[in-house]
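J.: sequence unknown, structure follows:
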């Protein structure tokens, strides 16, 4: 099973987006999460660092600047999605990636507090 470390830059970016009110509170994450085509289109216009900033987890042992390196996407590459954070918490919890789970949980709490 892959192991992940928390992407601190992504956590900080997610907080910035929440504070800037760049979020969606109610969405069907399964329908709006970026698929491979959306990710490729994003990478054509943005750097790998920009892409990485959308992922709460970094896969240990995977090379930088590859999609395999980045996991636990928290938004649609434009805005944070509450349902994405919930999915990150659930998935990280399910596979016992505790640090990522707690980071996603903290971000979810930050979003909920910001939105009352």
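T.: Sure thing, it's come through. Here the structure is a predicted model, which means the values were calculated and not measured.

J.: Okay, strands next: where are they in the chain?
T.: With strands called from DSSP state E, the chain shows them at 4-6, 23-24, 55-59, 70-73, 80-81.

J.: and of those strands, who's closest to residue 31?
T.: Distances from residue 31 to each of these were compared by C-beta to C-beta, and the smallest falls on strand 80-81, at 10.6 Å. The C-beta positions use only the backbone N, C-alpha and C, and glycine is treated the same way.

J.: Could I get the buried residue list for the biggest helix by length in the chain?
T.: For the chain, the helix reaching the highest residue count under DSSP state H is reported as helix 98-114. For helix 98-114, burial by neighbour count (16 or more other C-beta atoms under 10 Å) applies to 100-101, 103-105, 107-108, 110-111.

J.: As JSON lines, those residues with pLDDT would be great.
T.: JSON lines is the format used below for the buried residues of helix 98-114 (pLDDT from 0 to 100):
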{"residue": "100", "pLDDT": "98"}
{"residue": "101", "pLDDT": "98"}
{"residue": "103", "pLDDT": "98"}
{"residue": "104", "pLDDT": "98"}
{"residue": "105", "pLDDT": "98"}
{"residue": "107", "pLDDT": "99"}
{"residue": "108", "pLDDT": "98"}
{"residue": "110", "pLDDT": "98"}
{"residue": "111", "pLDDT": "98"}
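
J.: out of the residues you listed, who's nearest residue 10?
T.: Proximity to residue 10 was ranked across the buried residues of helix 98-114 by C-beta to C-beta; first place goes to residue 103, at 8.6 Å.
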